[in-house]
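> I'd like to go over a predicted model; first the sequence, then the structure.
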Amino acid sequence: MKTQIILSALVTTLFVGCVSGGSDKFMLIENGFGYGSHVRKFAADRVSWSGLQYQNSNGTRTDVWPYLSLASPAVQITNNLAVLIGGKAELYDDCRERLRDRLMAFEAPDGAPVDITDQVLRKYCAESGVDSTNVIKDSFVSLTKTNGSLRIDFGIIRRGERGPGTINDHDAFIIISWRDIEAIIQDVKKNGKLHKEKWSGTEYLQKD
């Protein structure tokens, strides 16, 4: 709980700092990873947001992912590997483009960012028997380290639980080892394709 409070406070500090000062900032979390501020000026308006960056021993920074989710905490790190809940611009059913929450992974120092969302959720569905269509999009709640593994909390729906035609929300989670995450990353690096996040132009790998 203390870690969650600290991480949330760091993100809040960055947002406040960017709006008032407008300068780039870096707030170290651990192992070279830290929160980085992004500021863009459009005419008289200034837009700011927080992302994850990696800083090497020479002080050179690499953008890991530009948009962090408001999940708490949204980042977990072990050794040179960071997993985060980040936003990726997608077109919604209402024909408006917004940031969709995705699970992203990054192996320092070189990356590239890897979208591991589909592989992790498929693993959950295979183990739990929950149909993939019943996993709620944009429902990631938190990432938590637990005994050498990562717990990922999100939401699902259950149909017909209270009678025909009923739909009810439920909390769900998967506990996945860091070793399994690393295996997913290597598979996506080998068999995935390079994509660009629409708003930022950040390149990442995803397996179709």
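Nice, thanks for sending it over.
> For the most centrally placed residue in the chain, give me its contacts.
Compute the mean C-alpha point of the chain, and by Cα atoms, centre = their mean the closest residue is Ile85, 1.6 Å away. Residues in contact with Ile85 (Cβ atoms under 8 Å, 6 or more residues apart in numbering) are 68-69, 71, 74-75, 101-104, 140, 143. The C-beta positions use only the backbone N, C-alpha and C, and glycine is treated the same way.
> how far away is it from Lys190?
The span separating Ile85 from Lys190 equals 24 Å under the rule Cβ to Cβ, to the nearest Å.
> And for Lys198?
Applying Cβ to Cβ, the value for Lys198 to Lys190 is 25 Å.
> Settle it for me: which of these two has more neighbours?
Neighbours per residue, other Cβ atoms under 10 Å: of Lys198 and Lys190, the larger number sits with Lys198, 13 against 9.
> Please name the nearest non-neighbouring residue to the more buried one.
Among residues not flanking Lys198 along the chain, Ala89 sits closest, at 4.0 Å (Cβ to Cβ, 6 or more residues apart in numbering).
> same deal with Ser142?
Using Cβ to Cβ, 6+ apart, the nearest residue to Ser142 is Asp153, at 4.9 Å.
> Ok, Leu121 next?
Per Cβ to Cβ, 6+ apart, closest to Leu121 is Val135, 5.6 Å.
> Burial check on the one you found, number of neighbours?
Val135, neighbours per other Cβ under 10 Å, totals 18.
> tell me the contacts of it?
Applying Cβ under 8 Å, 6+ apart to Val135 gives the contacts 121, 124-125, 154-156, 172.
> Would you quantify the distance from Asn79 to Asp153?
With Cβ to Cβ as the criterion, Asn79 and Asp153 are 23 Å apart.
> The two: which has the busier surroundings?
The residue with more neighbours, out of Asn79 and Asp153, is Asp153; 15 against 11, by other Cβ under 10 Å.
> is the more buried one in a bridge, and if so with what?
With DSSP bridges as the criterion, Asp153 is bridged to Ser142, Phe173.
> Make sure it is actually in contact with Phe140.
Yes - between Asp153 and Phe140 a contact is recorded at 7.2 Å, counting by Cβ atoms under 8 Å.
> Gln186 is in what secondary structure piece?
Under the criterion of DSSP states H and E, Gln186 resides in helix 178-191.
> tell me the phi and psi of Gly111?
With angles defined as degrees, to the nearest 10, Gly111 sits at phi 70, psi -140.
> Count the residues that sit near it.
The local packing of Gly111 (other Cβ under 10 Å) involves 20 other residues.
> any idea how far it lies from Lys189?
According to Cβ to Cβ, Gly111 and Lys189 sit 10 Å apart.
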